[in-house]
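A.B. asks: structure for the following, please:
(chains A, B, C and D)
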4 protein chains.
Amino acid sequence: MIRLACDYQEGCHPKILERMVQTNLESTVGYGFDPYCESAKAKIKQACGTPNAEVYLLVGGTQTNSTVIRAILRPCEGVIAVTTGHVNGHEAGAIEFGGHKVLTLPSHDGKMNAQELDRYITGTFADSSWEHGVIPAMVYISQSTETGSVYSLSELEAIAAVAHKHGMPLFIDGARLGYGLASEGCDVTLKDVARLADVFYIGGTKVGTLLGEAVVFTNTRYAKNFFTIMKQSGAVLAKGRVIGLQFDTLFTDDLYMQISRHAVAMAMKLKAALQAKEYRFFSESPSNQQFVIMDNDKLKAFEEKVQVSHWCAVDEHHTAVRLCTSWATTEETIDRVIELL
Amino acid sequence: MIRLACDYQEGCHPKILERMVQTNLESTVGYGFDPYCESAKAKIKQACGTPNAEVYLLVGGTQTNSTVIRAILRPCEGVIAVTTGHVNGHEAGAIEFGGHKVLTLPSHDGKMNAQELDRYITGTFADSSWEHGVIPAMVYISQSTETGSVYSLSELEAIAAVAHKHGMPLFIDGARLGYGLASEGCDVTLKDVARLADVFYIGGTKVGTLLGEAVVFTNTRYAKNFFTIMKQSGAVLAKGRVIGLQFDTLFTDDLYMQISRHAVAMAMKLKAALQAKEYRFFSESPSNQQFVIMDNDKLKAFEEKVQVSHWCAVDEHHTAVRLCTSWATTEETIDRVIELL
Amino acid sequence: MIRLACDYQEGCHPKILERMVQTNLESTVGYGFDPYCESAKAKIKQACGTPNAEVYLLVGGTQTNSTVIRAILRPCEGVIAVTTGHVNGHEAGAIEFGGHKVLTLPSHDGKMNAQELDRYITGTFADSSWEHGVIPAMVYISQSTETGSVYSLSELEAIAAVAHKHGMPLFIDGARLGYGLASEGCDVTLKDVARLADVFYIGGTKVGTLLGEAVVFTNTRYAKNFFTIMKQSGAVLAKGRVIGLQFDTLFTDDLYMQISRHAVAMAMKLKAALQAKEYRFFSESPSNQQFVIMDNDKLKAFEEKVQVSHWCAVDEHHTAVRLCTSWATTEETIDRVIELL
Amino acid sequence: MIRLACDYQEGCHPKILERMVQTNLESTVGYGFDPYCESAKAKIKQACGTPNAEVYLLVGGTQTNSTVIRAILRPCEGVIAVTTGHVNGHEAGAIEFGGHKVLTLPSHDGKMNAQELDRYITGTFADSSWEHGVIPAMVYISQSTETGSVYSLSELEAIAAVAHKHGMPLFIDGARLGYGLASEGCDVTLKDVARLADVFYIGGTKVGTLLGEAVVFTNTRYAKNFFTIMKQSGAVLAKGRVIGLQFDTLFTDDLYMQISRHAVAMAMKLKAALQAKEYRFFSESPSNQQFVIMDNDKLKAFEEKVQVSHWCAVDEHHTAVRLCTSWATTEETIDRVIELL
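C.D. replies: Here you go, the predicted model:
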C-alpha cells in the first residue's frame, strides 16, 4: 500500500535518527534546558534573523496553537481565523477549552483576505453593542494553508499591517511552514515570516521530525511566563532534548528547506501528471498537498493501491481527495502513483 | 558530571532505538491507529489481565493527569490527592486549568491514608452546606509516590474500597509504576493495580522510553470520547507509532519490569552505602528515588561531581536532596558515587 | 423620551413590588430554600404539567444559558445553535468560557430548520475524522427568537424529534417565552414546551420581574448537582426569595401570560400602523419585537423622540431598527409612537 | 422563629424599597448605564476619595470574586488567600472554574499574616523549580473576615506593602465591608481601603440591599474590558438600575455606615451578654458575626427558638455556632435572644 493521505506517515529524517543513536546514552538536564535545545534555539534565531526572539519547543500542532493562543488572549477575547483554519474545525475545541471563541472570516482557497479582516474588525468595534460580544484580539493564519495554498509576501504584509493597525498580534501556524516557503513561486522567506508575525511556529512533525514544533516569539512581550503556561498545558517534554536534537539537525546545513523543496518537487511532478491526465482540482495548490476531484468508481479502484484522504463529496459521483507528499516521499513512489492514475 | 537528579536524563532503552531505526521509513496511518500502537495496547491489556480495558497512549505525565481528570470530573467536582501529589504542586495548575480543584489530604511519607480519606469524604457530605463547596468525586494517588514510597497491596485495597464505597473512581498515577512494582518488598503486581484502579497509567518517560504514558481504563465507562478529549488537550501525537513502538518494545519479553528491577537494585546499593556511612534519610524509600539529608558544605563539594535535586532545606546547615536511579544507571556510576559520598 | 429599544427598561410589575414591600422584613433562609421559592417552583411545575421536573431560579439570561450548557456538556462537546442565537453572538463568549464551542446552523428568520439539523448531525458523524472535531451534543433554540419569530408546534416537534433521535437534549431559551407563547397565531403552549424540551427556562427579566429566570429540567438526569454548578457560576442569589417571590407572583392568577398577551397586543397595534404606513420589515414577527427598515433621515428625526435599537445597516440610506413592547408598554405610548412614525 | 444564622435573611433597607416603588415605571437604558448607576458610582468614588477609580456593579459575592480574579490573573497564575478565605472553601470551585489555583496560607483567626505572606512569595520564587508550579500573582483578603475578625490599619498596610513589593495587586473582599469598618475599635476607613487595595468591593447583599456588590478598581489598569468580562461571566444585570438605585441610596446621607454601626452595636450587646453568661467564644470578633461554643443539649433547646449556623464540632459535647446581626436586627430581637441564652 502506498500512503499519500497525509504528511506524517513515516518516522523522521535518517540524519535525525542517526544523531539520536549517537547521543542516546548521554545524560542531560530535562525540560528543554539541555545543550541540544540551546543549540537548536540559537540556530533557529539565526535562520530567522531575530537574535532577540524567544524560542520554545513544543510537541504537536494542536497543542501549540492552543497554548500560544491562550497565553496571549485575555478573558472574553477571541482569535480571528478563516473557516477552514485548523483552529476552527480540526482541533476538537482546543481553543474553546482555553476559554476563547474562534471568530471566523470567509476562506478564499484557504486564505484570509486583508481587506475583509480590516472591515470585520472595524465593523465589530463600530457596533454600539460590541462590549456585549467577544472582542477580536488576535489574528491567526496558516502558511501553507490547510488547503495547500500559500500567501504571497504582499498578502502577508497586508494582513500583518491590518492586525498591527488594530493593535493585534499576528500568529502564523507553520505546521507546514517548510512546504509553504519551498512552494512553487513563493516569494516569502523565513525571515519575512519572522519579521511580519508576532509569533509563529516552524513545524517539525510534518517536515522531518518524529514530533515537535518550534514556536518563535519575535514580539517577546507575548511570551511572559510561556514556559509555565506550556507546563500547565502539558506541553513541556521531560526529555526536551528529543525535540531539541531534531530541530538542531533540521537547522544544520539547511536541511529543513532542502527536504521541504524535495517534497514540493514531488508534489509538482504529481500535479503535472494530474493536469496532463485532465483531472480537475478542488483547490489550486503550489505546495505539498494536492486536492483532486476523482470519479468515485475510479477512486475505489485507486484506493486499493494508494491511500488518500477523503476531503468531501463534490457531487453524487465525485469526491475531492487529498494527496500529500513529504520529505519522505520517493520519486519511485510518485512514478508508481502516476501510473495508477 | 554524573547526573542522579532525576530519572529522565538519558534517551531510551537501546532496544527501542534499534526498532525505531528498523521501522523508520515504514509508512503507517497516524494518530495512534497504526499496527505498533495496536500491538502495544494488546500486550498491555494482556500484562494487566484486563482484556476488556481501553488503552490510550499519551505523551507526558502532566498531560496525562490533567486529561484523565477532566475527562472524568463534571463541573464543580474535585479530585482528592495528598499535598505532595504531583497534581497538587508540580503541574503549574494543569488541573485548575481544566476547571477542577485539587482537594488535599495530609501526606504520610507521600502516601494517602485510607481512613483519613473515608473521614474526609464522609465529613464533607455530613456538612449541611456541602452543596456550596467543591464536590469530592475522584481519588488520585501515585505508585510509587513523589517521595519514593510504595503502597502495599493492603493499603491499595483499602483506598480502592473507600473510593468505591463512595462511588468514586480511583486513578493511579504510574509515572514511576515500574519502579514501584519492582521496589524492595513490594507485594503489588501490575494485575493488582489494574484490578483496583478504575484508570491508571504505565509510565514510559521515566522507565525507558523517550516519551509516552499508557493510560489503561479498566472501568471503561470513564473512557467515553477519550480520544477526542485527548485531541482537545493537545495530547494526540500525529505520529502515534512513536509511542506505540516504544510500549510494544517495553512489553515484549518483560523488558519493562526487567529494567525497573535494575534501577531499584542500583538504588538499593546506593541506599545501603548511604546507611553504612550513617547518612540520615528524609524519607524511607524502597524504590528508585532516595532522599538523603546532607551537610551543606559536604553537599557543595559533592555537587561538583554529581548533579542531584535539591528537595528542601532541613535546617540552616542541612539540605534534603534527591538521588534517582533509572533503567540507564550503570553499576559503575553507582560505585563512583559511593566513593564520592 | 419614549423608549422602545428593548423590553427591560422599566422595573417590575406593580403586583410584584407590592408583595416585596409586604414581605420585606420577614426573615427567611437564604439561597433559594425559602417558602417563596418553594411556592414559585410548585406553581411553575403545575403550569408546565410536569410534577416531577426540577426548577431552579437564576438571575439573568446569559448566566442561565452558560450554566445550563456547561452543566450538560462534557469536554470536547459543543452546542448547536443558529448563527443569530443569543449564545452565539451576544454573550461575550460565555459558552466558550465554559469550554464549549457553539456549532452554528443557518438562521431562517431566527429559527433552526429541523431537516438541516438532522443533516448536520448525520453529516458530522459520517465524516471519518469526526473524532478530531467538536462533538455535537446538545441543541439550543430560542422561543421567541432573537428576531421576534416564533416556532410553531410542528416545528418544535420536528426539532425535538431530531435531537432525541440523535440522543441529544433540546434546550429552549425562553428569555421571551411569554411573548412567544402569547404571539399572534401561536399554537404552542407552556405544556408543549415542557413536554418537548429536556430543559428550558421561563424568562422573568423581560416579562415582568426585576431580574430572574426560572430553569425547568423536565429531564432531570441533566440536573445532577445543578445547585452547586450554579454556585460555582456565581448564579446563586443569597437572598433567593427576591426571585422566588417574583415568580410566585407571575404564576399566580395567570399573570405571566396576561402581561405577555398585553405586550403582544401593543406590538400588533404598532405593526398594523407600520404596515398601514407601508414600512418595510426586516423580519416577520408575530411577537413583541418588531424589526422595521427606516430611512436614515426619517430615523434621525424619529430618534429625537423615541429610542430604538439599531440592528444593522440595510443599505447606504436605510437602517433596520428594533422596536420592543413589554408588559409595561401603555397604549398611550403606542399611540404617540404611531403619530410620530 | 428568630433567625440569626446569617446576615442576608431579610429584604432590603426600607429606604431602598421606597425609592424602588417611586421609580419603578420610569424607563431607562439597561446594563448599568442608567442615571441611578451613574449617580451611585459617583457617590462611591466620592466616599472612597478616588475620583479616578472605575466602579462596576455586580450581583453577588461569589460572582464578584471569581470575575475580578479571572479578569486580573493570566494563565498559570494563582491567587493567595488564607485557608478560611471565602474563595478557598465556600464557592464551589468558582476560582478553579476560571482556571486558577487558590494558594493558601494559614488563617490566624481568619486573617493573613504579612510576614508569612512575604516568606511564602519569596520562598516560592527562591525554589529552583518555581517555573513548574503555579505562579503567585495576586493577594486576596476579606474585611471583615469570614470569622468576624477585622484587620487593623497597620495590618492592612503591611499586607499591601508586601503585595506591592512583589508587584502583585491586593484584592479586598468587602462582602461585609460596612460591618468591618463599623466594628468595635476599628481604625480603618473606607478611604484607607481604597488607598491600599488595587481593587475591592463594597458589599450590598449583606449590608442593606436585596442584591449587589460594588467593585472599585482604584488601580484601573486591572479593569481593562471589565464590562465585557462581567458579561461573559453572566454578571451584567439587564436592569442594572436595580443595583444602581440601591447603592445610590446606601451612599446617600451615610446610610451605609449608619446601618453598619447599628448591626455592630447589636452584635456587641449580644457579645457582652454572652460574656456575662460565661460562654466561650470560638473566635474573637469585634464585628457583626459572633462565634460561640455551646453545649449540644443547650444548643438543641436554643435552636427551637433561634436559628443559628453550625460552624463545626468542637468536641463530642460542644459545637461552635455563628450568630449574625445585620442592618435589620432589632434591639427587641437581641433582648429576646439574650433571655433565651
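A.B. asks: what parts of the stretch 101-250 of chain A come near chain C?
C.D. replies: Contacts of the stretch 101-250 of chain A with chain C, taken as CB under 8 Å from any CB of the partner chain, map to A:Lys101, A:Val102, A:Ser128, A:Ser129, A:Glu131, A:His132, A:Gly133, A:Val134, A:Ile135. Every C-beta, even on glycine, is put in place using the N, C-alpha and C of the backbone.
A.B. asks: could you rerun that using 10 Å?
C.D. replies: Applying CB under 10 Å from any CB of the partner chain, we find that the stretch 101-250 of chain A lies next to chain C at A:101-104, A:123, A:126-135.
A.B. asks: which ones among those are found in helices?
C.D. replies: A:Gly123, A:Ala126 (DSSP state H).
A.B. asks: can you give me the helices in the stretch 151-300 of chain A?
C.D. replies: A:153-165, A:177-181, A:190-196, A:226-232, A:241-250, A:255-276, A:296-302 (DSSP state H, counting those that start in this stretch).
A.B. asks: so which residue of the stretch 1-150 of chain A comes closest to chain D?
C.D. replies: Nearest residue of the stretch 1-150 of chain A to chain D: A:Cys76, at 4.5 Å (CB to the nearest CB).
A.B. asks: ranking the helices of the stretch 151-300 of chain A by burial, who's on top?
C.D. replies: Each of the helices of the stretch 151-300 of chain A was given a mean neighbour count from mean count of other CB atoms under 10 Å in any protein chain shown, and the largest, a mean of 29, is that of helix A:177-181.
A.B. asks: now for that helix, which elements pack on it?
C.D. replies: For helix A:177-181, the packing partners by 3 or more CB pairs under 10 Å, 6 or more residues apart in numbering or on different chains; DSSP states H and E come out as helix A:190-196, strand A:199-203, helix A:255-276.
A.B. asks: dump these to CSV, plus mean pLDDT.
C.D. replies: Compiled in CSV, those are given as follows (pLDDT from 0 to 100):
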stretch, mean pLDDT
helix A:190-196, 98
strand A:199-203, 98
helix A:255-276, 98
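A.B. asks: looking at those, which is nearest to chain D?
C.D. replies: strand A:199-203 (15.0 Å).
A.B. asks: from the chain's centroid, how far away is that closest one?
C.D. replies: Strand A:199-203 sits 7 Å away from the centroid of its parent chain (CA atoms, centre = their mean, to the nearest Å).
A.B. asks: same deal with stretch A:290-298?
C.D. replies: Centre-to-centre, stretch A:290-298 and its host chain are 25 Å apart (CA atoms, centre = their mean).
A.B. asks: cool, stretch A:79-88 as well?
C.D. replies: Centre to centre, stretch against its chain (CA atoms, centre = their mean), the figure for stretch A:79-88 is 12 Å.
A.B. asks: avg pLDDT for that stretch?
C.D. replies: For stretch A:79-88, mean pLDDT is 97.
A.B. asks: and chain C, is it touching that?
C.D. replies: Yes: under the criterion of CB under 10 Å from any CB, chain C is reached by stretch A:79-88 at A:Asn88.
A.B. asks: give the buried residues for that stretch.
C.D. replies: A:Val79, A:Ile80, A:Ala81, A:Val82, A:Thr84, A:Gly85, A:His86, A:Val87, A:Asn88 (16 or more other CB atoms under 10 Å in any protein chain shown).
A.B. asks: what residues does the stretch 51-200 of chain A have near chain D?
C.D. replies: With CB under 10 Å from any CB as the criterion, the stretch 51-200 of chain A comes near chain D at residues A:67, A:70-77, A:98-99, A:101, A:129-135, A:137.
A.B. asks: which residues does the residue lying closest to A:Val207 once chain neighbours are set aside contact?
C.D. replies: Ranked by CB to CB, 6 or more residues apart in numbering or on different chains and with sequence neighbours excluded, the top spatial neighbour of A:Val207 is A:Gly178, at 4.1 Å. With contacts defined as CB atoms under 10 Å, 6 or more residues apart in numbering or on different chains, A:Gly178 is in contact with A:144, A:190, A:202-204, A:206-208, A:250, A:255-261, A:263-264, A:287-288, A:326-327.
A.B. asks: go again using 8 Å as the cut-off
C.D. replies: When contacts are counted by CB atoms under 8 Å, 6 or more residues apart in numbering or on different chains, A:Gly178 touches A:Ile202, A:Gly203, A:Val207, A:Gly208, A:Tyr256, A:Met257, A:Ile259, A:Ser260, A:Ala263.
A.B. asks: A:Gly244 versus the residue lying closest to the fourth one once chain neighbours are set aside, what's the distance?
C.D. replies: Among residues not flanking A:Gly208 along the chain, A:His13 sits closest, at 4.2 Å (CB to CB, 6+ apart). Counting by CB to CB, to the nearest Å, the separation of A:His13 from A:Gly244 is 15 Å.
A.B. asks: contacting residues for the closest residue to chain B within the stretch 101-250 of chain A?
C.D. replies: Across the stretch 101-250 of chain A, no residue is closer to chain B than A:Gly234, which sits at 2.7 Å (CB to the nearest CB). If a contact means CB under 8 Å, 6+ apart, then A:Gly234 has A:Gln63, B:Val59, B:Gly60, B:Thr62, B:Gln63, B:Thr64, B:Ser66, B:Thr67, B:Ala94, B:Ser233, B:Gly234, B:Ala235 as its contacts.
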